[in-house]
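A.B. asks: pasting a predicted model and its sequence here:
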Amino acid sequence: MQEIWDIIGNFFETTVFTYGAILLVSYALLAVCSLIAVRRWVTMDRFQDGEVLLTSPLAPGISVIAPAYNEGMTIIYNVRSLLTLKYARYEIIVVNDGSTDDSMDQLIKEFHLVAVDFAYNAKIQTRPVKKIYKSTNPAYAKLTIIDKVNGKSKADAVNAGINAAAYDYFVCTDVDCILHENTIIELVKPVMKEKNKRVIATGATLRAANSNTFDQGVMVGVRAPSQLIPRFQEVEYIRAFVLGKMGWTLLNCVPNVSGGLGLFDKEIAIRCGGYDHTSFGEDMELMTRMVRYARDNRIDYAIRYIPKTLCWTEVPSTLAVFGRQRTRWARGLAQLMHAHFGMFLRPRYGKFGLIVFPYNFFFELLAPIIEFGGIIYYIIAIIMGWINWPTALVLLVFVYSYAIMITTLAILYDQITFRYYNSWRDVVLLCLMPFMEFFLYHPLIVFFSLRGYYFFLTGKKAGWGNMQRRGFQVAPNR
Amino acid sequence: MNFSPLDFLESIFFEFRYAPLIIQIAIIFVFVAIGMTLLAYASILRRRFRGFRRDTKITQLNEQIDDLLIENVLSQDPEAVETPGQTAEAAAAAFQLKPFDTRWGRQVLIDRLINYRNNVRGTMGDEIRTLYLLLELDKDSFKKLKSRKWNRKVRALNELSSMEIGVADVIILPLTNSRNRELRAAARQAYIKLSKNEPFKFFDLATEPLLQWDQVELFRIITTTPHIAIPNFAQWITYSTNKSVVSFCLKLVIHYHQLKAIPAVMKLLDTKDHLLRAEAINCLGKMKIADAEEKLVYIYNNQPLDCQIEILKALGRIGSGRHTEFLRQEFMLSTDFELRKNAAKSIINNQSADSSIVDELMATASPENKLILKHCMNPLIKF
C-alpha cells in the first residue's frame, strides 16, 4: 500500500509539478502575446475609419444568423437590436427553432411578416423548414424569418440559416445577444485586410449584459454585473477573450470562435458540413472541422480575434443554470477531443495539430481531472500527516498570487482597449473578483467540468441547453 | 523575549537560503506576481485618470475652438467677404491663445479644423483651410511626415490630404509601396487626392497588392474627390501585372461606366485566372454590353461554377432577350441549384423580350423549379 502511495506521491511531485509549471509558463507567454496583439490592434484601429463600409458598394455582403428558441420574452427587442446594425450590405436571418411559446406570433405581428415561396436549398441537412417569412414593410426588407421544426440543438437552427443565407460570409450570434451597432464592420475588417491568407473566421469579445440598461433593444448603459456569479463570468470572459484569444490570434492559433458572436466563411462552413447538431460544443467543433478542411485542402487559412467587445449576452445568474451551461461545455470539449483525436500532434494539421490541440487536450480537458486528483491527494496527505506545511503554503500562495496576476493583467488589457465602464465602482468590483475566484468560482468550474465528462462517458441525453431568461433592465423614460 | 524585526528578516532569509530550489523559485515568483499585480492596478488607475483628464481637456478645448470658429469664421456672411482668406486672416488673430502654443493643443486644433472642413464645403471650407495655413499648422503636419514612426507619418498624410496641402511626389510615391500596410494605404489615398498631374501613377508602381480594405478606401477617395482627372482604366486592365490593380480598375470601369475600356475587359475573358475572369464578366453584365453576350454564351460550358454564375447574371442584366432559350435550357437541365436560380432570375429579367416563357415554364417545370421561379418573381425576396 505504501508503495502505491509513493508512486502517486512521486507522480504529483514530478509529472504534475512539471505539468503545472508548463501551464503557468504558457499563461505568461499568452499574456505577452496578448499584450502585443492588443496594442497592435489599438494602434491600427485609430487609422481605420469603419464608416467607409456604411455606404461602399465594394463592401462584402454579410448574412447575420440568429437562432431563437422560446425567446418570446425578449425576441422583439432582440430583433430590433439586430436591425440597428450599421453596414452597407447585409441581411438578418432569424431562425425560430420550433418555439413552443408565442415568439412566432409576436414576430409576424410586429414586423408585418408574410410567408413567401422561398427557394430553400438544403446544402446542409436540417430538420424540415415549415415556412419562410419576409416583411411587407420596406423598413424591414433586410429581415428574413425561418420557422422550422425543432431540431433540439442550436446547431440545427444555425444550419438552416446558413442554407438560406445569400452572402459569402455569415455572422452567427444568439438572438438574445445584444450586438454593438458596428459589429459587422469590426468583424469584416480582418477579412478585408488580410494579405495572403484566407480568413475563415473572426471573433470578438463577449461580455455579460445582466446589469446593462436597454431602450428598445439598444444598449444605453454599461455596468458590471451586480450579482456575484455573473460578475465572476464577466472576469472569466475578459480573461478568456482579451488575454487568451488575443494571445492566440498573434500566433494564428485561435482554437475557437465563440458561438455568441463570430463571422465565418460560408463556403468553407458548408463544405465541412456546417454545425454538428450532435455536438455539445458546436462552435468549437465547427472551428476544428473548418481548420481540418482548410489544412486537408491546402488552404492557407487564418482565424482572427479582436479585443473590442461587440456582443453583450445575458449570462447565467443562478447556480443551477450556470451548472447546466458549464456541464454542457465540458461535455462538448470531451466530445470534440474524442472525435478529432486524429489531429493530435499530427504535423499535417500544422499549428492546430501541434500546438492548439495538445494545449486543449492537456490544459483544458485534463486540467479539471488533474486538479481534482490533486485535491484528493492533498486531503489524504493532510490526514496522513505527510504534508510539509511551510512548503505547501508557499506553493499555494504562489499559485494564488499567479492566478490573481494573470486575471488582473487581463483586466488591464481590457482597459487598454476601451473604457467600457464609466464608474470606478465597476472597475474596483471587477478587480476584486480574482481574489475570490480561486476559492469560490474555480472549484465550481472543476466540479461542472467533471460532471460534463461523466455525462459524456455515460451518454446522458440533453436538449437545446436553453437558459431561463430574466430579461434586461429597461432604461426609464427620459 | 527580545525579537527585533531585523532578527525576523534574518530568520526568513535563513529559511529561504536553505529551502529547496523549487521553493526558492516559488517565493521569487510570489513577489514577482505581487509586483506585477500592483503594477497592473497602478496602470489601470493611471489610464483611467489620464483618460478622464484628457477627455475633459479635449472637450473644453473643442468647445473653445467651436466658439472661436463660429464667432470668427462660420457666422461671417460669405457675400460680405471681398477677398478670399479675409475671414481666416481676421480669425487667425483670435486663435493666438496659450493652449494652442503646446503641441497637444495644436493637435486638438488640427483635428477639429479637419472635422469642420470635412463637413463644410465651399467658401467656408476654403476659409478653414486658409486658417490652418495661417496658424502654420501645416508645419506641424510636415514635421510629423518626417518622423521615423509610421503612425505619425500616417497621421500627417491624413491631415495634409484632408486639408488638400500639396506634397511632393518624391515624398509620397515611395510610401505607396511601404511595407507597412497602414502607411501604404494612407500614402495611396493621399497621392490620389493631392497629385494634380497623375493621381493614378502609383498603379504603375504598385508591387504590393491592393487589399479589399484598401480598395474600399481608395474607391471612396476617388469617387468623392472633386475635379479628379479620371484616366482610361484599360491601360492597367491590359498591362498591369498586379491582379488586385486590374480587379480594382474593373470596379472603377463599372462606376464611371467607362465604355472605352470595354475592349480591354473583353480581352480579360481569356485570362487564366478564373477570379479575374468572373470579375470581367460581372463588369460586362453591369455595363450591359450586349456585344459580349455571344462570347459569354460561347465560353459558358468551359467555365468553373463562379464564372458560369456570373455569365447567367450578366445575361439577365443585359436583358436583350436574345439568349432566353439558352437560359431556359440551363434552368431546365442544370443539376446545380445556384445555376438554376440564377438562370431563373435572368429569364425573369428577360421577360420583356419574351413574356410567354415564364408562363410556359410555370406550367411545365418540376415542383422545385416552380418554387425557384416563384422565389425569383417575389419582389420581397432580393436574392
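C.D. replies: Perfect, I can see it now.

A.B. asks: where does pLDDT dip in the chain?
C.D. replies: Assuming you mean chain A. Of all residues in chain A, those with pLDDT under 70 make up the ranges A:216-217, A:462-478.

A.B. asks: you looked at the wrong chain, it should be chain B
C.D. replies: Counting by pLDDT under 70, the low-confidence segments of chain B come to B:1-3, B:78-82, B:353-354.

A.B. asks: now with 50, please.
C.D. replies: Residue ranges of chain B with pLDDT under 50: none are present.

A.B. asks: tell me where the chain has strands.
C.D. replies: You didn't pick a chain, so chain A it is. Along chain A, counting by DSSP state E, strands occupy A:62-68, A:90-97, A:113-116, A:129-135, A:143-148, A:169-173, A:178-179, A:198-208, A:213-215, A:218-221, A:261-265, A:301-313, A:473-474.

A.B. asks: report the angle between the fifth one and strand A:129-135.
C.D. replies: Yep, that's strand A:143-148 we're talking about. Computed with axes from the mean of the first three to the mean of the last three C-alpha atoms, to 10 degrees, the direction of strand A:143-148 lies at 160 degrees from that of strand A:129-135.

A.B. asks: for the stretch 101-250 of chain B, what lies in contact range of chain A?
C.D. replies: Residues of the stretch 101-250 of chain B found near chain A, taking C-beta under 8 Å from any C-beta of the partner chain as the criterion, are B:151, B:154-155, B:158, B:181-182, B:186, B:209, B:211-213, B:215-217, B:219-220. C-beta coordinates here come from the backbone N, C-alpha and C atoms, glycine included.

A.B. asks: of the residues you listed, closest to A:Leu23?
C.D. replies: For A:Leu23, the nearest member of those is B:Arg181. The distance, counting by C-beta to C-beta, is 35.2 Å.

A.B. asks: give the contact list for that closest one.
C.D. replies: Taking C-beta atoms under 8 Å, 6 or more residues apart in numbering or on different chains as the criterion, B:Arg181 is in contact with A:193, A:195, B:211.

A.B. asks: could you tell me which of those residues count as buried?
C.D. replies: Among the contacts of B:Arg181, those buried by neighbour count (16 or more other C-beta atoms under 10 Å in any protein chain shown) are A:193, B:211.

A.B. asks: as CSV, the contacts of B:Arg181 with distance to A:Leu444 would be great.
C.D. replies: Rendered in CSV, the data for the contacts of B:Arg181 read as follows (distance: C-beta to C-beta, whole Å):
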residue, distance to A:Leu444
A:Lys193, 40
A:Lys195, 44
B:Leu211, 45
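
A.B. asks: mind picking the one among the contacts of B:Arg181 that's closest to A:Arg331?
C.D. replies: For these, the nearest to A:Arg331 is A:Lys193 (36.7 Å; C-beta to C-beta).

A.B. asks: hang on, isn't that closest one packed against B:Pro209?
C.D. replies: No: the criterion here is C-beta atoms under 8 Å, and A:Lys193 misses it with B:Pro209 at 11.3 Å.

A.B. asks: select the longest helix from chain B.
C.D. replies: Ranked by residue count, the top helix of chain B under DSSP state H comes out as helix B:21-69.

A.B. asks: buried residues, the next helix or strand after that helix. List them.
C.D. replies: Per DSSP states H and E, the first helix or strand lying C-terminal to helix B:21-69 is helix B:86-94. The neighbour-count check on helix B:86-94 (16+ other C-beta under 10 Å) flags B:87-88, B:91-92 as buried.

A.B. asks: cool, stretch B:70-87 as well?
C.D. replies: By neighbour count on 16+ other C-beta under 10 Å, the buried set for stretch B:70-87 is B:72-74, B:76, B:85, B:87.

A.B. asks: and the furthest pair within those?
C.D. replies: Farthest apart among the buried residues of stretch B:70-87 by C-beta to C-beta are B:Leu74 and B:Gly85. That separation is 15.4 Å.

A.B. asks: now do the contacts for the residue nearest the centre of chain B.
C.D. replies: Taking C-alpha atoms, centre = their mean, the centroid of chain B lies closest to B:Glu217, which sits 2.5 Å from it. Under the criterion of C-beta under 8 Å, 6+ apart, the contact partners of B:Glu217 comprise A:49, A:52, B:185, B:189.

A.B. asks: what is the subsequent helix or strand relative to the helix or strand where the last one lies?
C.D. replies: Spelled out, that is B:Gln189. For B:Gln189, the enclosing helix or strand under DSSP H and E is helix B:181-194. For helix B:181-194, the following helix or strand on the C-terminal side (DSSP H and E) is helix B:202-205.

A.B. asks: what's in contact with that following helix?
C.D. replies: Where contact means C-beta under 8 Å, 6+ apart, the residues beyond helix B:202-205 that reach it are B:173, B:176-177, B:188, B:191, B:236, B:240, B:242, B:245, B:249.

A.B. asks: just the buried ones from the residues you listed?
C.D. replies: For these, a neighbour count by 16+ other C-beta under 10 Å gives the buried set as B:173, B:176, B:188, B:191, B:236, B:240, B:242, B:245, B:249.

A.B. asks: so how far is A:Met343 from the first one?
C.D. replies: According to C-beta to C-beta, to the nearest Å, B:Leu173 and A:Met343 sit 47 Å apart.

A.B. asks: what do you get for the fifth one?
C.D. replies: B:Trp236 is 44 Å from A:Met343, where distance means C-beta to C-beta.

A.B. asks: out of the buried ones among the contacts of helix B:202-205, list just those in helices.
C.D. replies: Judged by DSSP H, the buried ones among the contacts of helix B:202-205 include B:173, B:188, B:191, B:236, B:245, B:249 as members of helices.

A.B. asks: surely the last one and B:Phe233 touch.
C.D. replies: Yes: if you go by C-beta under 8 Å, B:Cys249 and B:Phe233 touch, sitting 4.0 Å apart.

A.B. asks: kindly point out which residues are neighbours of both of the two.
C.D. replies: Listed contacts common to B:Cys249 and B:Phe233 are B:Ala261; contacts here mean C-beta under 8 Å, 6+ apart.

A.B. asks: on that earlier part again, name the element the residue nearest to the centre of chain B belongs to?
C.D. replies: Here B:Glu217 is covered by helix B:212-224, with elements defined by DSSP H and E.

A.B. asks: cool, and B:Asn369?
C.D. replies: Using DSSP H and E, B:Asn369 maps to helix B:367-377.

A.B. asks: list the helices and strands that helix packs on?
C.D. replies: Of the remaining helices and strands, those touching helix B:367-377 by 3 or more C-beta pairs under 8 Å, 6 or more residues apart in numbering or on different chains; DSSP states H and E are helix B:324-333, helix B:337-349, helix B:356-364.

A.B. asks: out of the residues of the stretch 101-250 of chain B next to chain A, who's nearest A:Tyr90?
C.D. replies: Using C-beta to C-beta, the shortest approach to A:Tyr90 within those belongs to B:Val216, at 15.0 Å.

A.B. asks: ok, now which ones touch the closest one?
C.D. replies: Applying C-beta under 8 Å, 6+ apart, we find B:Val216 in contact with A:52-53, A:56, A:58-59, A:192.

A.B. asks: if we use 6 Å, what do you get?
C.D. replies: Contact criterion C-beta atoms under 6 Å, 6 or more residues apart in numbering or on different chains gives A:52, A:56, A:58 as the residues in contact with B:Val216.
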